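>>> no sequence on this one, just coordinates:
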């Protein structure tokens, strides 16, 4: 373990067993053993506390940084829209309301235990939403239908900000709200598997 002593002005830079600094070569011209540029300017680069060496990024990091800087800002939102469109297209073409229970892809939990998992019915609910049948969609997965408008708004706000610089009103989603939704989802997952009326109406 290396212990850094940046609070002591007389502290010497740490070295490994071969006499080299673990983060790279230290410049002897700087009083704190910093890079040569910092020694000439008499100050550390912005963002680096005094006494810490400046670590150069590796080739992969520099390549990713260059690609990120040269990529148009609309590329990532467009790719996300493509993924959403692919999911919707698959749902429309496969018609999950007519597929067999063991058709691929299937839910392993329901196939092996007969119980609905927390996501069971979500694809069928999406199919009914796309066909404007909200009662049937809520029957298959009520929480999915409830959360869908919020998810759609968050996606549009994010994609618009990334691609066009839109500044739509932000939804304030804190840890308590997320925890409450997850608790409701867990309760829904348990209730829909109870073998008594009226809970049996939630089983899909």
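On my side now, so go ahead. The shown structure was predicted, so the numbers you read here are calculated from the model rather than taken from an experiment.
>>> quick one: buried residues of the helix ranked longest in the chain?
Once the chain is assigned using DSSP state H, the helix that runs over the most residues is helix 142-164. Under the neighbour-count criterion of 16 or more other CB atoms under 10 Å, helix 142-164 has 142, 143, 144, 145, 148, 157, 159, 162, 163 buried. Glycine gets a C-beta too; all of them are placed from N, C-alpha and C.
>>> Give me the contacts around that helix.
With contacts defined as CB atoms under 8 Å, 6 or more residues apart in numbering, helix 142-164 is touched by 73-74, 76-78, 80-81, 84, 121-122, 125-126, 129, 134, 137-138, 166-168, 170-171, 181, 184-185, 188, 202.
>>> From those, list just the buried residues.
Using 16+ other CB under 10 Å, the buried members of those are 77, 121, 122, 125, 126, 129, 137, 138, 188, 202.
>>> From those, pick the one nearest residue 90.
In terms of CB to CB, no member of these lies closer to residue 90 than residue 126, at 10.0 Å.
>>> ok, for that closest one, nearest residue in space, not its chain neighbours?
In space, and not counting its chain neighbours, residue 126 is closest to residue 91: 5.3 Å by CB to CB, 6 or more residues apart in numbering.
>>> mind listing the helices for the protein?
In the chain, the segments counted as helices under DSSP H are 36-41, 59-70, 75-94, 108-113, 122-130, 134-140, 142-164, 175-191.
>>> Flag whichever of the ones you listed has the least confidence on average.
If you rank the helices of the chain by mean pLDDT, helix 36-41 sits at the bottom with a mean of 46.
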